[in-house]
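Engineer: here is my input, please return the structure:
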Amino acid sequence: MKTSLGQRQLLLQKLSPQQIQLMKLLQIPTALLEQRIKEEMEVNPALEETNDEFADEQVDFESGTDAAGEEAAAAASNEADAEETQYSDENFDLDDYLNGYMEDDPASYKERGESYQADEEEKTVPVAIENSFHEYLEQQIGLLNLTNEREETIAIQIIGSIDEDGYLRREPYAIADDLLFSQNLMIEEKEVVDILKKIQRLDPPGIGARDLQECLYIQLLIRIEQGEDLDDDELQALKVACKIINRQFEAFSKKHFDKLQRQFNLTEKQLRAAIHEILKLNPKPASGYIAGSMERSAQYIIPDFIVLNRDGELELTLNTRNAPDLRISDSFRDMLRSYNDQRRVNKLTRSQKETLQFIRQKIESARWFIDAIRQRHETMYKSMYAIMDYQTEYFLSGDEKKIRPMILQDIADRTGLDVSTISRVANSKYVQTEYGTRRLKEFFSESLQNSEGEEVSTLEVKKILTEIISAEDKRKPLSDDKLTQLLQEKGYNIARRTVAKYREQLNVPKASLRKEL
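Structural biologist: As a prediction, the model looks like this:
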C-alpha cells in the first residue's frame, strides 16, 4: 500500500476553556458558588477578593449595568477567540496589555445596585455540621459491658456494617467471614448475634435491626422498659403494639384492621391506640442524627433568585450575596509593570521570561474566571426572567393550578440560549417567592388537553389529584379507578395508568395502604 503526505482543511467546532468553565459554573447553585470561588482563588494567586464596601449585595439586572460591565462582557467573548494565541517576547507589548486591561476590566464583576443598604447582613452560608454516625455508635461501646478485646473487635465490625438508615443488612456469617479475612479471627455466628443484641440497645432505639419489623419491635420494647412515666392506657397500647408487630406484622403492613381486631380480641379504640403508638416510631433510626443529638436534621436552602410582587409588577433579583467579589491582584499587575520597565532597559533573562509567562497565564486565567462568573450571572438572570414571564400568573397569585405547561425548549426559544444551558440553569436552583421557595424544575411540566380542548399542565392535574385524595374518607380510600372517574368528571381526560403514575410521583400509596381507622 502506497503512503503519501498531503494537506487538507477541516472546519471543527471546539469549546473554549472559558465556555467549559461557564457551563460548569452554571450547574453550581448559589449555596456552593462561594466554595467554588475560594477553590479558584487557592490555585490562582492572581485572583483575589476585594474589600469593596459594596461587595455584599444582590445583583438586579433590571436596573441596568454600566458601560464598563458591558464592555467587559464583550471583551470576554473576544478573549475566547484569541485564547490559543501564544505570545513571544517579541510580539507581546506589556504596555498595550496593561493599558487594555485597565481600560477594559472593571474592579470586579459586580456593580453597586440602587437597592444597596449599608446595614445589609453579612454573607453567610448556613451549614448543618454533622458528626460521623458510626463514630457516635463507637463512643457508646463502653456501655455494652464487653468482657474482652475480641468482643470489642466484633462490635466495631458490626457497627461499621450498619448502613446510613441504621440497619444491618449483612448476615452474621458474612460479618464472621470479614473478621476472618481482615483480623484473622475465627468467629462463630452466635458470637456475632450476641454482640448485635447488645448493640441494638444503644442510642438511637432500633439501631442495628435487620429489617423493619425488628426495628419497630426493638423500639417498642425499649419504650416499655423505659416507660416509668407511662399511664396504664399508654402501657397497654404499647404491649398490644408489640404483639401486633411481633405476630401479625404482615396484616398490619397491609392494614387488615378487621383481622387484627379478631386475632387479638381488640376493640376499635384499643387498636387505634396501638397503631398510634406504632406510628410514633422511627422506621429509619439513623435519619435524625445530627451533632451528637437525635434531633431531626435541618435542611437549609439558599434561593438563587428572588421574585417580589410590587403592586402587580414582578421584580426579579439574582441572589449573589454568598459570592465573594473578585478582581485581579494588584501585586500581579505591579509585577507586570516592573518587568515592562526592566525590558526597556535590558533584555530579559530566560528565568525572567518564564516568570513573566507564569504571571501572564495567571492573570489571563483570573480574567477568564471573573468573566465566567459575570456571564453566569447574566445567563441565570436571563433564563429566570423568561421563566418568570412565562409563569406570570403563578408568581402573581401563588395558585399552583395556574402554572402553565412549560418545557426547556420554551425557555430556550425565548432567551436564544441552548436547551442544555437552560437545563444547567434549572438544575438544583431555587427561587424565593412570597408564596414560598420552590425548585426551578417544578415549573417545567408536560401538557395534556382537557375536555374543552385547552392545554393544561400536568402539575395542575397533580394538584387536583392531591386535593381529591386529601378529602377522601380514610376508612374507604379511593381506588385508582375512582380517582380516574373523578378527574374525568372535572374535565381531565386521563387514563387510569396515568393516574397511578402521577400518584406514585406524588409519593401517595395505593388505596389499601391509605386506609385508616
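Engineer: now do stretch 365-381: distance to the chain's middle.
Structural biologist: Computed by Cα atoms, centre = their mean, to the nearest Å, the chain-centroid distance of stretch 365-381 equals 22 Å.
Engineer: repeat for stretch 343-352
Structural biologist: Put simply, stretch 343-352 sits 52 Å off its chain's centre (Cα atoms, centre = their mean).
Engineer: sketch out the low-pLDDT regions of this structure for me.
Structural biologist: Counting by pLDDT under 70, the chain has low-confidence residues at 1-2, 10-18, 51-131, 288-299, 322, 345, 451-454, 517.
Engineer: distance of the residue most central in space within it relative to Asp304?
Structural biologist: Nearest to the mean C-alpha position of the chain, counting by Cα atoms, centre = their mean, stands Ser428 at 5.7 Å. To Asp304, Ser428 is 9 Å away according to Cβ to Cβ, to the nearest Å. Using the backbone N, CA and C atoms, a C-beta is placed for each residue, glycine as well.
Engineer: any residues in contact with both of those two?
Structural biologist: Pro29 (Cβ atoms under 8 Å, 6 or more residues apart in numbering).
Engineer: do I have it right that the residue nearest to the centre of the chain meets Leu26?
Structural biologist: No. Counting by Cβ atoms under 8 Å, Leu26 is not a contact partner of Ser428; they are 10.6 Å apart.
Engineer: how is this protein divided into domains?
Structural biologist: 17-112+308-392, 132-210, 212-290, 447-514 (automatic domain parsing).
Engineer: export these as CSV, with columns for distance to Gln7 and mean neighbour count.
Structural biologist: Formatted as CSV, the domains of the chain follow (distance: least, Cβ to Cβ, whole Å; neighbours: other Cβ atoms under 10 Å):
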stretch, distance to Gln7, mean neighbour count
domain 17-112+308-392, 20, 16
domain 132-210, 59, 16
domain 212-290, 65, 16
domain 447-514, 53, 15
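Engineer: quick one: contacts for Tyr217?
Structural biologist: Listed by Cβ under 8 Å, 6+ apart, the contact set of Tyr217 reads Cys242, Ile245, Asn246.
Engineer: how about the residue nearest to the first one when sequence neighbours are not counted, phi and psi?
Structural biologist: Using Cβ to Cβ, 6 or more residues apart in numbering and skipping residues adjacent in sequence, the residue nearest Cys242 is Leu220, 4.8 Å away. Backbone torsions for Leu220, taken as degrees, to the nearest 10, come to phi -70, psi -40.
Engineer: list the residues that contact Leu220.
Structural biologist: Listed by Cβ under 8 Å, 6+ apart, the contact set of Leu220 reads Leu238, Ala241, Cys242, Ile245, Glu277, Ile278, Leu281.
Engineer: which one of those is nearest Pro324?
Structural biologist: If you rank these by distance to Pro324 using Cβ to Cβ, Leu281 comes first, at 45.7 Å.
Engineer: go ahead and confirm that closest one touches Gln213.
Structural biologist: No. Judged on Cβ under 8 Å, Leu281 makes no contact with Gln213 at a distance of 11.4 Å.
Engineer: all strands of this protein, in order?
Structural biologist: 47-49, 305-310, 313-318, 326-328, 430-433, 436-439, 447-449, 455-457 (DSSP state E).
Engineer: distance to Ser132 for those - can I get that in JSON lines?
Structural biologist: As requested, those are exported to JSON lines (distance: least, Cβ to Cβ, whole Å):
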{"stretch": "strand 47-49", "distance to Ser132": "32"}
{"stretch": "strand 305-310", "distance to Ser132": "35"}
{"stretch": "strand 313-318", "distance to Ser132": "37"}
{"stretch": "strand 326-328", "distance to Ser132": "35"}
{"stretch": "strand 430-433", "distance to Ser132": "28"}
{"stretch": "strand 436-439", "distance to Ser132": "29"}
{"stretch": "strand 447-449", "distance to Ser132": "47"}
{"stretch": "strand 455-457", "distance to Ser132": "43"}
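Engineer: quick check: which of these is nearest to Asp341?
Structural biologist: strand 326-328 (18.9 Å).
Engineer: against which helices or strands is that closest one packed?
Structural biologist: Helices and strands touching strand 326-328, by 3 or more Cβ pairs under 8 Å, 6 or more residues apart in numbering; DSSP states H and E, are strand 47-49, helix 350-390.
Engineer: thinking again about what came up before, and of the contacts of Tyr217, the nearest to Glu364?
Structural biologist: Ile245 (66.4 Å).
Engineer: tell me which of the domains of the chain lies nearest to Arg439.
Structural biologist: In terms of Cβ to Cβ, the element of the domains of the chain nearest to Arg439 is domain 17-112+308-392, at 10.3 Å.
Engineer: Ala209 bridge partners, please.
Structural biologist: Under DSSP bridges, the beta-bridge partners of Ala209 are Tyr167.
Engineer: please report how far it lies from Asn145.
Structural biologist: Using Cβ to Cβ, Ala209 is found at 21 Å from Asn145.
Engineer: do Ile158 as well
Structural biologist: With distances taken as Cβ to Cβ, Ile158 is found 16 Å from Asn145.
Engineer: and Arg424, by the same measure?
Structural biologist: 56 Å.
Engineer: what does Phe181 give?
Structural biologist: In terms of Cβ to Cβ, Phe181 sits 28 Å off from Asn145.
Engineer: what do you get for Leu221?
Structural biologist: Counting by Cβ to Cβ, the gap from Leu221 to Asn145 is 19 Å.
Engineer: Glu151 too?
Structural biologist: Distance, Glu151 to Asn145, by Cβ to Cβ: 9 Å.
Engineer: Arg439 too?
Structural biologist: 49 Å.
Engineer: surely Ser329 is in contact with Asn44?
Structural biologist: No. The pair Ser329 / Asn44 is not scored as a contact, 9.1 Å apart, by Cβ under 8 Å.
Engineer: what's the overlap in contacts for the two?
Structural biologist: Ala366.
Engineer: show me the contacts for the residue lying closest to Ala237 once chain neighbours are set aside.
Structural biologist: Closest residue in space to Ala237, ignoring its immediate chain neighbours: Ala273 at 4.0 Å, by Cβ to Cβ, 6+ apart. By Cβ under 8 Å, 6+ apart, Ala273 lies in contact with Asp233, Gln236, Ala237, Val240.
Engineer: go on, Glu191?
Structural biologist: Taking Cβ under 8 Å, 6+ apart, one finds Glu151, Ile154, Ala176 in contact with Glu191.
Engineer: dump the residues you listed into a markdown table; add distance to Leu137 as well.
Structural biologist: Conversion of these to a markdown table gives the following (distance: Cβ to Cβ, whole Å):
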| residue | distance to Leu137 |
| --- | --- |
| Glu151 | 15 |
| Ile154 | 14 |
| Ala176 | 20 |
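Engineer: give me the subset of these lying in helices.
Structural biologist: Using DSSP state H, Glu151, Ile154, Ala176 are the members of these that sit in helices.
Engineer: next up, the contacts around the closest residue to the first one other than its chain neighbours.
Structural biologist: For Glu151, ignoring the flanking residues on the chain, the nearest one in space by Cβ to Cβ, 6+ apart is Ile195 at 6.0 Å. With contacts defined as Cβ under 8 Å, 6+ apart, Ile195 is in contact with Leu144, Leu146, Glu151, Ile154, Ala155, Ile158.
Engineer: so what's the residue lying closest to Thr392 once chain neighbours are set aside up against?
Structural biologist: Counting by Cβ to Cβ, 6+ apart, Leu314 is the residue found nearest to Thr392 once chain neighbours are left out, at 6.6 Å. Contact analysis of Leu314 by Cβ under 8 Å, 6+ apart lists Val307, Leu308, Met388, Thr392, Phe395, Leu396.
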